[in-house]
Structure formats: C-alpha cells, structure tokens
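Q: The sequence and its predicted three-dimensional model are supplied below.
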Amino acid sequence: MTARLYRLTRLLLALALLGALNACALFQARDPLTISVIGIDPLPGQDLEMRMAVKMRVQNPNETPVDFNGIALNLEVNGQPLASGVSDQQGHIGRYEEAVISVPVSITAFAFIRQAYGLSTLGSLQGMPYKLRGKLAGGPLGTVRFSDEGKLDLPKGGNLDW
C-alpha cells in the first residue's frame, strides 16, 4: 500500500509541476503601454467641482492585444493631486496598435485652491510637472497599469492641449 501511495504522490506532484509551468507561460513579460496625454476638454461641473475629459493616446507595443472593461486614473500636477476619474468604457487595443481614450475626471474645489496657491508662487502653468497614473481593467489577470509624466507645455492661446 505504501508503494502505491508513493507512486500516486509522485504522479500528483508531477501534474502540479506541469500545471505550474503551464501557468508561467500565461505570465509572459509585457512591455509597458505607452501613454501620452493629448488634451483636456472642459465638461459641465457640479457645485464646487470642475469636470474635464482627459484624452490619452494609448499605444500597445506588445504581441498580445489588450482588452479592457474599465479605466481609472489620477492626475497630479506640481507634486499635488489634482484630478481623478473612472469610466466603465470597454475597448480593445490590438497588438502593435493605438487608441485614443477619453476619461472624465473631477477636480475638487480644495485641489483647485491648492493648485492656485502653487501657481501664485510659480506664476504660470508653463513647464509645471505632471504625473498621470492609472489602469485599464481587464479582470484579475488582465489589468494593465500605466503612467505618464512630463511638463505642461501650453500654447500661447491658453488651450489645455498638452
């Protein structure tokens, strides 16, 4: 009986090892998505908050497509949180393809005042650093996180295209 139990244990261990190796193949290394903020459009606000739509160009430099069913992002300007937003939009970015995604974000009055105070010491938005962080939700194993950072480079007309 012990020899039979020993063989069964070895078989189960071998099957578990094969299953683990197969699972590792699912977790292939991916290059990070390339995210560029390409514009901000005003949206109607409510009470003491401002609303905007952040437009991002998302490029997928990978062999595998990215399917998503939700987006979340946070925008930080000059080292301080400014806006956050979520969207339940769904999409597909094929292998070696790109897409433009627009996400509505909210700016609270407190965040706006904090940024205005920082602006009073700097004098201009021009050249102010920003960071954008977020994720494209795709289920427990398919969520893709992204980030982008740079400096605000506003045209002379004051339009918020970056």
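A: Structure's in. What do you need?

Q: which helices and strands does the longest strand along the chain pack with?
A: Using DSSP state E to define each element, the chain has its longest strand at strand 34-46. Of the remaining helices and strands, those touching strand 34-46 by 3 or more Cβ pairs under 8 Å, 6 or more residues apart in numbering; DSSP states H and E are strand 49-59, strand 98-108, strand 129-136, strand 144-151. (Glycine included, C-beta is placed from N, CA and C.)

Q: need the contact list for residue 135.
A: With contacts defined as Cβ atoms under 8 Å, 6 or more residues apart in numbering, the neighbours of residue 135 are 71-73, 143-146.

Q: Find the nearest non-adjacent residue to the residue nearest the centre of the chain, please.
A: By Cα atoms, centre = their mean, the chain has its centre lying nearest to residue 134, at 2.6 Å. In space, and not counting its chain neighbours, residue 134 is closest to residue 73: 3.2 Å by Cβ to Cβ, 6 or more residues apart in numbering.

Q: can you pull up the bridge partners for that neighbour?
A: residue 85, residue 134 (DSSP bridges).

Q: can you count the residues close to residue 128?
A: The number of residues packed near residue 128 is 17, by other Cβ atoms under 10 Å.

Q: does residue 66 really touch residue 60, like I thought?
A: Yes. Judged on Cβ atoms under 8 Å, residue 66 makes contact with residue 60 at a distance of 5.3 Å.

Q: what sits in contact with each of the two?
A: What both residue 66 and residue 60 touch, as defined by Cβ under 8 Å, 6+ apart, is the set 33, 93.

Q: Nearest to residue 87, out of the helices and strands packed on strand 34-46?
A: Comparison of those against residue 87 by Cβ to Cβ identifies strand 98-108 as nearest, at 4.9 Å.

Q: about what we covered before: just put the helices and strands packed on strand 34-46 in TSV and tack on mean pLDDT and distance to residue 81.
A: Output for those, formatted as TSV (pLDDT from 0 to 100; distance: least, Cβ to Cβ, whole Å):
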stretch	mean pLDDT	distance to residue 81
strand 49-59	90	14
strand 98-108	92	9
strand 129-136	89	10
strand 144-151	85	14
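
Q: Need those in JSON lines (columns: distance to residue 83).
A: As requested, the helices and strands packed on strand 34-46 are arranged in JSON lines below (distance: least, Cβ to Cβ, whole Å):
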{"stretch": "strand 49-59", "distance to residue 83": "7"}
{"stretch": "strand 98-108", "distance to residue 83": "4"}
{"stretch": "strand 129-136", "distance to residue 83": "10"}
{"stretch": "strand 144-151", "distance to residue 83": "14"}
